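In: What follows is a predicted protein model with its sequence.
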Amino acid sequence: MTLLCSGCAFAESDNLIPDYNYTQLFVEKRLSSHIGDVEYKKVWDKDEIKEIKDLLNSVPVESPGDQQKEKIKSQLNEKGTYIFSFYTQKDLDNRTTESVFYLALLQSGQIVYSDPKDHEMSIRLVSAENKPELVKKIIEKIY
């Protein structure tokens, strides 16, 4: 299994989370495993969004195997999971999602990365290890 580090394996301008000028971070928090039982929060502070993006880009990631993907999929709707969507001003003005990037923070401390524009949260990469302290730090920045 190949480990990829956003700081070393990618070109300087090619971060894991695309380096766009995001103006909104939309957070969906699962309150229970029931579909639709969620709480929403929007973050508009560009500096705060950049800090969160930088923290997420600092996490070593790996490509998950099929068995790991199935396990993670079952956790995406669990209570305490956060789904993040990053938007640029162009996205918001045009009601498009060209540069949206989706990811999830799981209760376990696992960080799950999806492809940009992937509303289904297809799992592309996951953190190489659980990072509950980082997840907690990110959540504290938002709430």
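Out: Received it, and whenever you're ready, just let me know what you need. Bear in mind the structure is a predicted one, so any value in this text is a computation, not a measurement.

In: what's the helix or strand for Glu70?
Out: Assigned by DSSP states H and E, Glu70 belongs to helix 66-75.

In: which parts of the helix or strand hosting Asp91 are buried?
Out: For Asp91, the host element (DSSP H and E) is helix 89-94. Across helix 89-94, burial judged by 16 or more other CB atoms under 10 Å covers Asp91. To be clear about C-beta, it is placed using only N, CA and C from the backbone, and glycine gets the same treatment.

In: next SSE after it?
Out: Downstream of helix 89-94, the first helix or strand assigned by DSSP H and E is strand 101-105.

In: strands paired with that following strand, and their directions?
Out: Here strand 101-105 is paired, per DSSP bridges, with strand 82-88 (antiparallel), strand 111-114 (antiparallel).

In: Redo those strands as TSV? Include mean neighbour count.
Out: As requested, these are exported to TSV (neighbours: other CB atoms under 10 Å):
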stretch	mean neighbour count
strand 82-88	21
strand 111-114	24
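
In: possible to save the ones you listed as TSV with mean pLDDT and distance to Leu134?
Out: What follows is the strands paired with strand 101-105, written out as TSV (pLDDT from 0 to 100; distance: least, CB to CB, whole Å):
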stretch	mean pLDDT	distance to Leu134
strand 82-88	90	12
strand 111-114	92	8
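
In: and of the ones you listed, who's closest to Trp44?
Out: strand 82-88 (10.3 Å; CB to CB).

In: so how far is the closest one from its chain's centroid?
Out: Between the centre of strand 82-88 and the centre of its chain there are 7 Å (CA atoms, centre = their mean, to the nearest Å).

In: If you rank every helix and strand of this protein by mean pLDDT, what lands last?
Out: Across the helices and strands of the chain, mean confidence by mean pLDDT, DSSP states H and E is lowest for strand 3-4: a mean of 38.

In: Output the contacting helices and strands for the next helix or strand along the chain from that one.
Out: For strand 3-4, the following helix or strand on the C-terminal side (DSSP H and E) is strand 22-30. Packing partners of strand 22-30 (3 or more CB pairs under 8 Å, 6 or more residues apart in numbering; DSSP states H and E): strand 38-43, helix 46-57, strand 82-88, helix 89-94.
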